[in-house]
Each structure stands twice: as structure tokens, then as C-alpha cells.
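# A predicted structure for the sequence below; I have some questions about it.
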Amino acid sequence: MTRDTIEATVRQALKTKFGFSSFRPGQKEAILSVLNKRNSLVMLPTGTGKSLCYQLPSYFFKGKTLIISPLLSLMEDQVERMKREGEKSVVALNSFMTQKEKRLALRQLDTFKFIFLSPEMILQDYVLNRLKQLDISLLVIDEAHCISQWGMDFRPDYLKLGRIRMELGNPLTMALTATAVEKVRQEILEQLHLDKKDTDEIIYSVNRPSIQLRTEICHGNKNERLFQLINEIKGPGIIYFSSKKMADKWAEQIREETDLLAESYHSDLENEDKKKIQAQFLSNTVHIICATSAFGMGIDKPDIRFVIHYHLPSNPETYLQEVGRCSRDKKGGVAVLLYEAGDERLQSRLQSGSLPTRDELRYCYKYPERLPSLKEESKIDIARYFIEQSIPFQTAWETIEERWVRKKRQLQFMVHYVHVESCKRTCLLHYFNEKVINDQDPCCSYCNRAFVLHVPESKFEKNLNENQEKPWKSVLKNLFNLESEPI
């Protein structure tokens, strides 16, 4: 078939199978790459529909599509969404399953078109051996930045996926990510053993023009400022915290002191509670989510109007991913980062608990048989990887030290972003070696002192107008007057 014929066939599938009349930026290129039997590294901004990039071309192949996903909640969300949209031939193999359910799923694995697995699950011999019996047309590595020690969310088990890919016969592979600097992208290719000659790199800007980027330095009034913002900004929103207790506390305060319904979301919640809260947020029954970084992956809600960070994010990659959940309908949104002097110390403390110290690493090397009984999972996973790969202690420690330096620099950049006396968007894009191509208005807290959202009345507002006993006070303002001037 000619390229024009292939594109016409793909567009027809887009319409009939998914109900869309046009592609979002990057989707068509990624799909055509797969159909041309090319491996691909696809970097598209949060909210641009990366799942379509592997779902649509899968229907042109007879074999199975394996999707490796690092987050169980994300995996569950994707599977449930596909089922709601009519795709029944999909399954997720993860720790949410009982042993009986796993055995049944493995026996019936050849009946599924789409198979989602965690990296930990695919590393189990009995699972891998079963997968080797299948005809695998496409291997998808979601959140591929987890492969890189320079990425924002390094996962040691991801480093083994290159070997797994080889054991599966080097199937056609698509690596997906939303935010990855060039160094991270290079390591993704190396770890998956993807030859650049046989791999298409489909890289789109991380810029989200419809989201205003704002920072505010608070001088002991962060709590008051947060209440002002949630009472002034129109539309549903997410408030991110680095503390589960703070997320719980603020959700309760918002419920008690405003006309808005807020819920907290973090890793301590039961899976059923998470699903319930997500469903309520998607239906606008819940107006605000007070969350840790556990919330947001795979949440396809187009009308989120604001994302507020109460605590300083640890790195720009995480920040852009979380901010990117705003304004997926491109009708306008605002990202506000609240900062008080010393906020970076909290992130430093959290970072110190994510990597083993020299003494902890030495203990793991001296007593590897004790690793299963140790509780610090993330630290132990990293130490275990080095030991399993027979990496000398000194080399392992030097690698960890390099990652410490990288984490420190990422956090320093976030502090710089807060204080920089120039365009915030330019500052963030420079980190990713990008430039602002077009002037944007509104842009950021440096370029525009006040932020204005011109968006039509949403279902969210209609629900409030119809269902709230009290008027929603200043929330319905179109123009927001900031009492404390942003930097």
C-alpha cells in the first residue's frame, strides 16, 4: 500500500474505532512508525493521548500488544477505560489479582489482544515463560524515563527490560514518555538495545501554551493564599502536596470552610476508594483533589482549570507532568506554585530517603541474604540490582553519588525557577533545550501580572449552580485580582 493509502486507512480506523476525526500532535507520526515496522521513542506532552499511539496500530497486527506500566493504578485506569470504550480483549497482570485470578489469566492469556504488566510481574519466570509462547506484535514501554538513572522516577526493574525484550525475540518496540531530556532519551535507547538506525524518535515540545505558569513567593501566608486561590479560580482543580497528612488535612478544611467538595488522594488509600474518588472527580461530583504525586497518571479529564503546588516539586520533569493535567481541552488553565523560603528542605529530606547511604549499601553487599527482610523498598531495590548485576561496590556507590548530584541540581533548578526574574515558560523550556517559538498571552507570572481565564461555563459550574445550597461566592468571577503580587 502507498503512504497515502495507509494514512487514509489509519484515519478511517481513528474515526470508526475511537470516534475521533483528527489526530493530536505526534499521534499520527507514532502510529505510522509502528505500521512501518520501525521501533520508536515517543515523547509527547502530558494530555496528548499517548495510549492511542499503540492502541490504534495494534488492530492492524494479528499478534498481541504487551504494555509495561510502572504504576498499578495507571494500569487499572487504562484497562477500565478501554473496556468502557468497547475493547473487551484486555487484561492487566498485577499484584491486585489473587493467585487464582493470576492462574486463570495466564491460562487464558492467548485470548487477549492487549496485555498490561508491571515490570516486576514480567520479570517472574512463570509469567515470562508464558509470554514466550505468544505471538507478540508490539512491546510498549510506558513511562520509559523510569529506565534512566537520570530520569525523574528511576526504577531498577526497568533496567532489566532490555534483557526481557531480547528473551521475547526483540519484538517491535515503542517507548513512551512525556518528559525526558536528551540524556535520558539516549539512555532509554541504550537500555532497551534499540539501534538508532532502526528507531524513529518522535519528540514534541513539552510546552503547553494554554496553561499559564505562575509562581508566588509567600511570606508566612501560604495557607491564606491557598484559600484565596481555590475560592477565586473557576473550575475543577488539583492541589499537590508532598505529604499525605497535609493532603488529608486540606481536603477536610476545604470541605468545612468552602462550598466546594474536596477529597484527598494518596498511596495509603484502598484501591476501591481511589477508583471511587477518580470517578467522582471525572463526573464533577468532587471539585478539588488534594493529592500527592500518586494522583493524575492516566486521568483524562479535559476541563481541569488549575493545578496548585503547595510544596515545591523535586524536579522540573515531575512538575511539568503534574501541571500538564490542566487544560487538556486547551480552553485555558493556570498552574500556581506557592513557595516559602526553606521549602526546598522538605524535598531534600524526602530525597535522602530514596537512595541508600554508603553504609546502607555496604551492609547490603555484606549481607545480601538479608535483603528480603529489609523494609526500605526503594533503597533495597537499587542495592539488589547492583548486587545481581555483579557490579563492584565502589562502582555502585559512585553511580549513587552521581544520582545524588543530579537530584540536587534538579531541586536547585526548581528554586531558580521560582526566583528567576524573567519569563517562567522560557526558563522551563530552556531546561529541556527548547525555546518559546511564539509569544503567548497570557504566559506566566513574569509576563502577565494578573491571570484571566476566558472559558465557557462548564458542567462543573452548572453542577455548582444547580446543586449547591449556598452561592459559590467569588468562584464565578472571570477576572482574578491577586492581592499578593507574584514575582
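Looks like it came in fine. Residues are numbered from 1 along each chain as shown.

# show me where the stretch 101-250 of the chain has its helices.
Secondary structure of the stretch 101-250 of the chain (DSSP state H, counting those that start in this stretch): helices located at 119-122, 125-131, 161-167, 182-191, 222-232, 244-257.

# next structured bit after the helix ranked longest in the chain?
Longest helix in the chain, counting residues (DSSP state H): helix 393-419. Downstream of helix 393-419, the first helix or strand assigned by DSSP states H and E is helix 424-431.

# now do that next one and helix 393-419, the angle between them.
160 degrees (axes from the mean of the first three to the mean of the last three CA atoms, to 10 degrees).

# let the chain start at 35 from now.
Sure thing, new numbering starts at 35, so read that last one as helix 458-465.

# which helices and strands sit right next to helix 458-465?
strand 245-251, helix 350-357, helix 427-453 (3 or more CB pairs under 8 Å, 6 or more residues apart in numbering; DSSP states H and E). C-beta coordinates here come from the backbone N, C-alpha and C atoms, glycine included.

# quick one: mean pLDDT for whichever helix or strand comes after the second one?
Past helix 350-357, heading to the C-terminal end, the next element that is a helix or strand (DSSP H and E) is strand 367-373. Strand 367-373 comes out with an average pLDDT of 96.

# which strands border strand 367-373, and is each parallel or antiparallel?
Partners of strand 367-373 in the sheet, by DSSP bridges, are strand 245-251 (parallel), strand 340-343 (parallel).

# any residues touching it, and which ones?
For strand 367-373, contacts defined as CB atoms under 8 Å, 6 or more residues apart in numbering pick out 244-252, 256, 259-260, 263, 267, 269, 338-344, 346-347, 353, 357, 360-361, 451-452, 485, 487.

# okay, now S407: neighbour count?
If you count neighbours by other CB atoms under 10 Å, S407 ends up with 8.

# ok so, going back, tabulate the strands paired with strand 367-373 (JSON lines), appending mean neighbour count, mean pLDDT and distance to N73.
Below are these laid out as JSON lines (neighbours: other CB atoms under 10 Å; pLDDT from 0 to 100; distance: least, CB to CB, whole Å):
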{"stretch": "strand 245-251", "mean neighbour count": "24", "mean pLDDT": "95", "distance to N73": "32"}
{"stretch": "strand 340-343", "mean neighbour count": "25", "mean pLDDT": "96", "distance to N73": "33"}
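
# can you list those in JSON lines and add distance to I414?
Formatted as JSON lines, those follow (distance: least, CB to CB, whole Å):
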{"stretch": "strand 245-251", "distance to I414": "36"}
{"stretch": "strand 340-343", "distance to I414": "30"}
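
# quick one: which of those strands is nearest E374?
Closest approach to E374 among the strands paired with strand 367-373 (CB to CB): strand 245-251, 7.4 Å.

# what pLDDT does the model give the nearest residue to H321 once chain neighbours are set aside?
Excluding the flanking residues, the one nearest H321 by CB to CB, 6 or more residues apart in numbering is L294, at 4.5 Å. You'll see L294 listed with a pLDDT of 92.

# with Q167 instead?
Value listed for Q167 in the pLDDT field: 95.

# repeat that for V489.
Listed pLDDT for V489 reads 50.

# same check on G196?
In this model, G196 carries a pLDDT of 92.

# check V174 too.
According to the per-residue confidence, V174 scores 97 in pLDDT.

# what is the neighbour count of it?
V174, neighbours per other CB under 10 Å, totals 27.

# contacts only, for it.
88, 99-102, 207-210.

# quick one: those as CSV, columns for pLDDT and neighbour count too.
Formatted as CSV, the contacts of V174 follow (pLDDT from 0 to 100; neighbours: other CB atoms under 10 Å):
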residue, pLDDT, neighbour count
Y88, 96, 23
T99, 97, 25
L100, 97, 25
I101, 96, 24
I102, 94, 26
T207, 97, 24
M208, 98, 28
A209, 96, 28
L210, 95, 25
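
# please list the members of those residues that lie in strands.
99-102, 207-210 (DSSP state E).

# ok, which pair from these is furthest apart?
T99 and A209 (14.0 Å).

# report the secondary structure state of the residue nearest to H321.
Assigned with DSSP: H, G, I helix; E, B strand; the rest coil, L294 falls in the coil class.

# surely it touches I264?
Yes. Between L294 and I264 there is a contact under CB atoms under 8 Å: 6.8 Å.

# what is in contact with these two at once?
Both L294 and I264 are contacted by 288, 322, under the criterion CB under 8 Å, 6+ apart.
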